[in-house]
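Colleague: this is a predicted model, with the sequence first.
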Number of protein chains: 4
Amino acid sequence: MGSSSREIGIGMIGYAFMGAAHSQAWRNVARFFDVPLVPRLRAIGGRDPVKLSAAARRFGWESTETDWHRLIARDDVELVDICTPGSSHAEIAIAALRAGKHVLCEKPLANTVAEAETMADEADAAARHGVRAMVGFNYRRVPAIAFARQLIAAGKLGAIRHVRAVYLQDWIVDPDFPLVWRLRIEEAGSGAIGDIGAHIVDATQYLLGDHIAGVSALSQTFIKERPLPAHGAGGGLAATGTAAGRGSVTVDDAVVFLARFAGGALATFEATRFATGRKNALRIEINGEHGSLAFDLESLNELEYFDRTAASATQGFTRILVTEAEHPYIAAWWPPGHLIGYEHSFTHEVRDLLVAIAAGEDPAPSFRDGLQVQRVLDAVARSAAADARWTPIPADHVVAAQGENVR
Amino acid sequence: MGSSSREIGIGMIGYAFMGAAHSQAWRNVARFFDVPLVPRLRAIGGRDPVKLSAAARRFGWESTETDWHRLIARDDVELVDICTPGSSHAEIAIAALRAGKHVLCEKPLANTVAEAETMADEADAAARHGVRAMVGFNYRRVPAIAFARQLIAAGKLGAIRHVRAVYLQDWIVDPDFPLVWRLRIEEAGSGAIGDIGAHIVDATQYLLGDHIAGVSALSQTFIKERPLPAHGAGGGLAATGTAAGRGSVTVDDAVVFLARFAGGALATFEATRFATGRKNALRIEINGEHGSLAFDLESLNELEYFDRTAASATQGFTRILVTEAEHPYIAAWWPPGHLIGYEHSFTHEVRDLLVAIAAGEDPAPSFRDGLQVQRVLDAVARSAAADARWTPIPADHVVAAQGENVR
Amino acid sequence: MGSSSREIGIGMIGYAFMGAAHSQAWRNVARFFDVPLVPRLRAIGGRDPVKLSAAARRFGWESTETDWHRLIARDDVELVDICTPGSSHAEIAIAALRAGKHVLCEKPLANTVAEAETMADEADAAARHGVRAMVGFNYRRVPAIAFARQLIAAGKLGAIRHVRAVYLQDWIVDPDFPLVWRLRIEEAGSGAIGDIGAHIVDATQYLLGDHIAGVSALSQTFIKERPLPAHGAGGGLAATGTAAGRGSVTVDDAVVFLARFAGGALATFEATRFATGRKNALRIEINGEHGSLAFDLESLNELEYFDRTAASATQGFTRILVTEAEHPYIAAWWPPGHLIGYEHSFTHEVRDLLVAIAAGEDPAPSFRDGLQVQRVLDAVARSAAADARWTPIPADHVVAAQGENVR
Amino acid sequence: MGSSSREIGIGMIGYAFMGAAHSQAWRNVARFFDVPLVPRLRAIGGRDPVKLSAAARRFGWESTETDWHRLIARDDVELVDICTPGSSHAEIAIAALRAGKHVLCEKPLANTVAEAETMADEADAAARHGVRAMVGFNYRRVPAIAFARQLIAAGKLGAIRHVRAVYLQDWIVDPDFPLVWRLRIEEAGSGAIGDIGAHIVDATQYLLGDHIAGVSALSQTFIKERPLPAHGAGGGLAATGTAAGRGSVTVDDAVVFLARFAGGALATFEATRFATGRKNALRIEINGEHGSLAFDLESLNELEYFDRTAASATQGFTRILVTEAEHPYIAAWWPPGHLIGYEHSFTHEVRDLLVAIAAGEDPAPSFRDGLQVQRVLDAVARSAAADARWTPIPADHVVAAQGENVR
């Protein structure tokens, strides 16, 4: 937080789970990183004025706006951070970009490919005027994942043979868990596919520097009806009571799919909220001709690495505690062995975004990266609707990788 | 090994990896278990008389036969143990059954569904005369897996939602590993599908007491040509030198597939010999509405169990060391915490077979169980050959589960 | 951060590792917890005005004071947070308490028992006027440790038989690591004993609700001479270059000791900075007649629990992911399975301190708790200096446990 | 089991837990290893003729002897294997050696230092006539431990700084577990000290190639009275019912001690049968200037290795699955990743003994090694009886290490 740093005004829309996490990132980034732009938390947007005021006070925002158009229009807001459900991403993001505001948009980029295509086109157009857009796949900024990307990019694994990626949660195993917005297609767009499947699609494509060329999928809604949530209940991960009556679950509870990467790797994916006992197990294993990597978000400070080029008798999976100053992002934090948590990934995300804006470069993942993920998710949904039919994904886009070399 | 036990004469065909493991089981079973029939190692069969004599001496067989027909015909051989490559299973097994000899046949039961069907029919016919047949899916007899079956059968997991099963090895990652018999379709029938995929198909069907209703698969041969093995080299897991020249790998290096179980569980499977760093990682995870289980053959004395009905604050995956006297098979061995190894699964297998024979009951897994696995493998191969096309498996057979209650 | 909360002015002395961690706690506590007093970061104190200004800007303090007497004297400072080396704790803390300021003092409380005794007496005197004092054993506020305390206090382990506690680091294994202040007795008071040994003494006494009655110890300085640090180098965990010349290491590199708790538990302790490969491994195992617990700070979101009263066949160590809303402190943070990090323990610490001040209660651990730890450390040092002679510790004090029930 | 191998007649005394394990080793060693002498199980000795006959039949011994003097005297017995409680070791071993019979004696070598001294002297005398004596510290022959020794001997760890060794069991946590012979000083000599403490003393001295120079110890008997066992109950690890009445436990339930190795390493040791939930956790951690090792007998096929000389960013503890053909003893068994169990350590032990006898060399660990362990245990007991007084151990003996290079 050098004295010469310029401020940048932030406006954030949404104040639930993601709003809390992003606020923490904006407040803290300049306390730990030497950022060229120091965020100033100008305004928070949302519809319920009472809750919005409470959120502003709690999260540290200077003012509130109950109409997002007004938030975007404010002169003191230079960057718009979109933390709303996916159904509103496109409209808000496009408006913000056209207003000349940088955008950080939570994942998934949109609820449909068509929306995502428009958003990517708008982002390209905005970029020509120096306006930047980023989609919030925060797990790229977990140090262990960023470090895994460095190892793969450096050729440590050689040709990649296998990817197995799962994102396992269990928060709706109970049939009496209410029908929150994440279980309704109108707002969420999809269930496990878009919410957590999106993360493993992005993370594996990022790690391999490659894209998924085709998929074959099955999906399932195990519990087809649930109690309606109490009026005013949040839409998120925590149930806050139920109202009278029941409604239909209109999204998938779980999805599994096979994939081939363009470069030849064979992959299995699974995203589910019915993996009893797994709370937030985003696990990725990658096997290459020279080595392998394994990661689990429930142990997010660790990366397991097998080096087939090492002395044979002492080969094995090495549990790397990714807390050394030479690991990505870590020098800003604590001494070796002192863990960081979930929220730090957002701090790293906004740090990289601020650096890109100041440098006049496009951040990654871009909206076009988000679009490519959306195309994979769409292919997954179409395959699942057609008895696992093989569904190719056009490869018109190279996965970007800003952030690879961040420290 | 009570003084009143009757002897049963065993004849075994094949003396490579499986021959060594089975010999150990036959020699040791009566040292640890009170079996109603005490095996006597009458004859070992194979083609190379020099190697065969060495094997007989090393493994403890009383005599040798270089023609398997002669071995089957011997009066002192009451049970024929088939440890040859899959291509010869059907011919030998059928001949033995027709000769009134009990049969233990290594997995996979056969190289084709047609062969397996004939074998199952012959086994049914033989059973009507008290002649028993068993297929050697030895991992059912790993105590942790047998115990997992007990927990599921007792309803501890409730309705099963998810299965993820992988069998990961890496012994052919090196492109210079030679073209052994396991890499040639004529003898092996298939690659990873039949060799290790068969194990996870059988194990998951056994654990769930359910069968796979359909699959969607992809397979891959990463290294399409390899050096020819030196003349006389074994066909197994260890390379023993290469001759001049190269040949084509005619089986799959790896296969991945999605599946639905008849009861509704959604599943992913992977069998590969290209998972660098994983030596023998048969891993199974099962999520049910009331709990979950996780197993890894590289830690075969352990079972992880999550109980969603336990006190909520202390829920978590419990690492059960399956070495207590109350766990299946363990009372025969050592005190708690004293591990058993890979080979013990074969001792348990022949123990259960001897008990079934003495009781006049059909052992499990039966040839019909083996046929059902073969049908799944065949569907996997056909799906993989047709761009992951969804391929149903007819459900004409209920998975048996003798051995569930063994201790 | 309710609108009706009163502010409390904080003054912090010291701006190195602990200063950064405490600043983060003061800035963030009201963003996540409903605290009755909202901290305002009034002033940061230190000797070097240039570094101090940079720290104020970076850490978010409103002003600076280069003389700690002036910081204490300020009307807008109501609470003094002492993050200096142990040699200055007593003088500053006593002055602050006499000036009517609440005090948070980093551990160890002091460098000598005599100092600690005076501090405890002063804290008692101050408490009679509503002025509160707390010593900063932050690991009590790691949720897994606080939860472990709840389990033990609820009798889940029954009579405690064994404690094994180690704190393993390796940051001075390299003989060329320079002679920083933590390696010099004048400032640090001791080496591993006071720096990290203090933590495991406090944590185990807290967990058991019992105190150590006697010890037998050995200590060692493996590397007796080291390069002098460059002028102006920090004193902490990171070496920042070396000057010409070498100096003597005057503290212990490692200490091991046996102990008996008053309640009968038998214990082993080890604190070392020479455990190659262990970065921050504070590990505690406790065995009781009804169950056991195991914790490792390198996996700080986890607690392993063995329940001997559970169904015998499924007993084992359960890996509890201590990230549920019902676990201590967690409801303030993220959904289940979303990890927290090292720094959160400080946020919890200041949260509990603010609650205690507002409630007019003494916080825990009190200065008297800190004194008791100091007496154990002193006994350890005396035993180590006398060939492991058995050295009893007088039991004039019951371990307090505010914070046990916090959520 | 080459055709030209000479046979060697074995006589074993004792038929409980160790008798079963040793029988398995004698029966199997020539099935897997090319031993120069093929054991023939000539006679098993014990007092109860009924049980003895059953054991002979079960374990595969050709004949029985109810008087051990007669067993030793038999011409067809060339090697005497002593599996009795420690109180009878000296008398039997000395008689056997004087009769010109090789001896394998279970650990601990004896119940007193005086006995062990006599035994070591007798072994030295016998060796001058080609008669060999070995003490059965079987854990040296766990492949992971033998491999750890190779790494240390090759200098991979450099100077050793720290050793922490525990042997944790829980089989007498229940106060109603009966007063078996292992809990009575007359037969067992001591409690946890000699039974399991002996193993960690031997294993750490073997691993370091160094000896313990002094100790400071505490011990405890938590449960001072227990029910008497039913008449005829075994003395071992399994309770088989209780008779009327109670008796005093006359050995230690647990012992902890500090130690210094002659070479400067600082060590902590703990042996207990009250570590609830730990079944057979012999755990050893060793930290050296260049690297570290960690082992746990509950995962006996694994060794963790930290290499401080490796590339810094990918350093970490590597989990080596010690199942490769290049690891000690493994080539005789199964392919990589196929685990071995507890009993295999005994097979390796007798294999090495047979090799030494045939080569005319002294096996290791020798009786003199056993004596040195006994001296450490004696010092531990004396220190524990004297308030943890520092108790040096004379260093008149270099630890041998035959078996280091076995494969």
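Modeller: Good, I have the coordinates. Numbers count the residues shown, from 1 in each chain, chains lettered A, B, ... in the order given.
Colleague: mind listing the helices for the stretch 51-200 of chain A?
Modeller: A:68-73, A:89-98, A:113-127, A:143-153, A:185-188, A:192, A:198-208 (DSSP state H, counting those that start in this stretch).
Colleague: same thing with the stretch 201-350 of chain A?
Modeller: Under the criterion DSSP H, counting those that start in this stretch, helices of the stretch 201-350 of chain A are mapped to A:344-359.
Colleague: the helices of the stretch 51-200 of chain A: lowest mean pLDDT?
Modeller: Per-stretch mean pLDDT for these is lowest at helix A:185-188 (a mean of 90).
Colleague: that older thread, between the helices of the stretch 51-200 of chain A, which one is nearest to chain C?
Modeller: Nearest to chain C among the helices of the stretch 51-200 of chain A is helix A:143-153 (11.3 Å), distances taken as Cβ to the nearest Cβ. Glycine gets a C-beta too; all of them are placed from N, C-alpha and C.
Colleague: so the closest one, near chain C or not?
Modeller: No: for helix A:143-153, no contact with chain C is found by Cβ under 8 Å from any Cβ of the partner chain; the gap never falls below 11.3 Å.
Colleague: that helix to helix A:198-208, inter-axis angle?
Modeller: 40 degrees (axes from the mean of the first three to the mean of the last three Cα atoms, to 10 degrees).
Colleague: ok, and what's touching helix A:143-153?
Modeller: By Cβ atoms under 8 Å, 6 or more residues apart in numbering or on different chains, the list of residues contacting helix A:143-153 from outside reads A:139-140, A:157, A:160, A:203, A:206-209, A:284, A:286, A:288, A:291, A:293, A:295, A:300-303, A:305, A:320, A:322-323, A:327-330, A:340, A:348, A:401, A:403-406, D:313-314.
Colleague: can you tell me the closest non-neighbouring residue to the most centrally placed residue in chain A?
Modeller: Central residue of chain A (Cα atoms, centre = their mean): A:F137, 2.5 Å from the mean position. Leaving out its chain neighbours, the residue that sits closest to A:F137 by Cβ to Cβ, 6 or more residues apart in numbering or on different chains is A:D202, at 4.3 Å.
Colleague: residue contacts, that neighbour?
Modeller: Contacts of A:D202 by Cβ under 8 Å, 6+ apart are A:107, A:137, A:139-140, A:365, A:369, A:373.
Colleague: out of those residues, which is most surrounded?
Modeller: A:V373 (30 neighbours; other Cβ atoms under 10 Å in any protein chain shown).
Colleague: what helix or strand does it sit in?
Modeller: Secondary structure from DSSP states H and E places A:V373 in helix A:367-384.
Colleague: any idea which helix or strand comes after that helix?
Modeller: strand A:391-392.
Colleague: ok, and what's touching that following strand?
Modeller: So strand A:391-392 is contacted by A:213-217, A:379-380, A:382-383 (Cβ under 8 Å, 6+ apart).
Colleague: out of the residues you listed, which are buried?
Modeller: Using 16 or more other Cβ atoms under 10 Å in any protein chain shown as the burial test, the contacts of strand A:391-392 include A:213-217, A:379-380, A:383 as buried.
Colleague: for those, work out which two are farthest apart.
Modeller: A:A213 and A:A217 (14.2 Å; Cβ to Cβ).
Colleague: shaky segments in chain A?
Modeller: Confidence mapping of chain A against pLDDT under 70 gives the ranges A:1-4, A:231-243, A:396-407.
Colleague: and it, what are its domains?
Modeller: A:6-138, A:140-392 (automatic domain parsing).
Colleague: which one of the ones you listed lies closest to C:E62?
Modeller: With Cβ to Cβ as the measure, domain A:6-138 is the member of the domains of chain A nearest C:E62 (14.5 Å).
Colleague: I figured A:L37 hits A:A358, correct?
Modeller: Yes: using Cβ atoms under 8 Å, A:L37 is in contact with A:A358, at 5.4 Å.
Colleague: looking at the two, which one has more neighbours?
Modeller: A count of neighbours by other Cβ under 10 Å puts A:L37 above the other of A:L37 and A:A358, at 22 against 15.
Colleague: and the more buried one, what are its bridge partners?
Modeller: A:R6 (DSSP bridges).
Colleague: residues touching it, list them.
Modeller: So A:L37 contacts A:5-8, A:354, A:357-358 (Cβ under 8 Å, 6+ apart).
Colleague: most neighbours of all those residues, which one?
Modeller: So for the contacts of A:L37 (other Cβ under 10 Å), the most neighbours sit at A:L354, 26 neighbours.
Colleague: next one: that one from D:L321, what distance?
Modeller: 45 Å (Cβ to Cβ, to the nearest Å).
Colleague: quick one, phi psi at the nearest residue in space to A:V350 that is not next to it in sequence?
Modeller: In space, and not counting its chain neighbours, A:V350 is closest to A:A25: 4.6 Å by Cβ to Cβ, 6+ apart. The phi/psi pair for A:A25 (degrees, to the nearest 10) reads phi -70, psi -50.
Colleague: do you know how far A:A25 is from B:H327?
Modeller: A:A25 is 49 Å from B:H327, by Cβ to Cβ.
Colleague: ok, the two, which is more surrounded?
Modeller: Neighbours per residue (other Cβ under 10 Å) separate A:A25 from B:H327, with A:A25 holding more: 25 against 21.
Colleague: right, and the more buried one touches A:L353 too?
Modeller: No: the pair A:A25 / A:L353 is not scored as a contact, 9.7 Å apart, by Cβ under 8 Å.
Colleague: for the closest residue to chain B within the stretch 301-407 of chain A, what are its contacts?
Modeller: The nearest approach of the stretch 301-407 of chain A to chain B comes at A:F306, 3.2 Å away (Cβ to the nearest Cβ). A:F306 is in contact with A:291-293, A:315-318, B:276-277, counting by Cβ under 8 Å, 6+ apart.
Colleague: list the contacts for A:V256?
Modeller: Taking Cβ under 8 Å, 6+ apart, we find A:V256 in contact with A:217-219, A:268-270, A:272, B:258, B:266-268.
Colleague: rerun at 6 Å
Modeller: A:218, A:270, B:258, B:266, B:268 (Cβ atoms under 6 Å, 6 or more residues apart in numbering or on different chains).
Colleague: for A:T268, same thing?
Modeller: Contacts of A:T268 (Cβ under 6 Å, 6+ apart): A:164, A:258, B:256, B:268, B:270.
Colleague: what about these, which are in strands?
Modeller: A:164, A:258, B:256, B:268, B:270 (DSSP state E).
Colleague: thinking again about what came up before, ok, the contacts of strand A:391-392 vs chain C, which is closest?
Modeller: Top of the list for closeness to chain C, among these and by Cβ to the nearest Cβ, is A:V380 at 23.3 Å.
Colleague: make sure that closest one is actually in contact with A:S216.
Modeller: No: counting by Cβ atoms under 6 Å, no contact exists between A:V380 and A:S216, whose distance comes to 9.0 Å.
Colleague: quick one: which of the contacts of A:D202 is nearest to chain D?
Modeller: Nearest to chain D among the contacts of A:D202, with distances taken as Cβ to the nearest Cβ, is A:R140, at 18.4 Å.
Colleague: so which residues on chain A come close to chain D?
Modeller: A:305, A:313-314, A:316-320, A:326 (Cβ under 6 Å from any Cβ of the partner chain).
Colleague: farthest pair in those residues?
Modeller: Using Cβ to Cβ, the residues of chain A next to chain D span at most 27.2 Å, a distance reached by A:A313 and A:E326.
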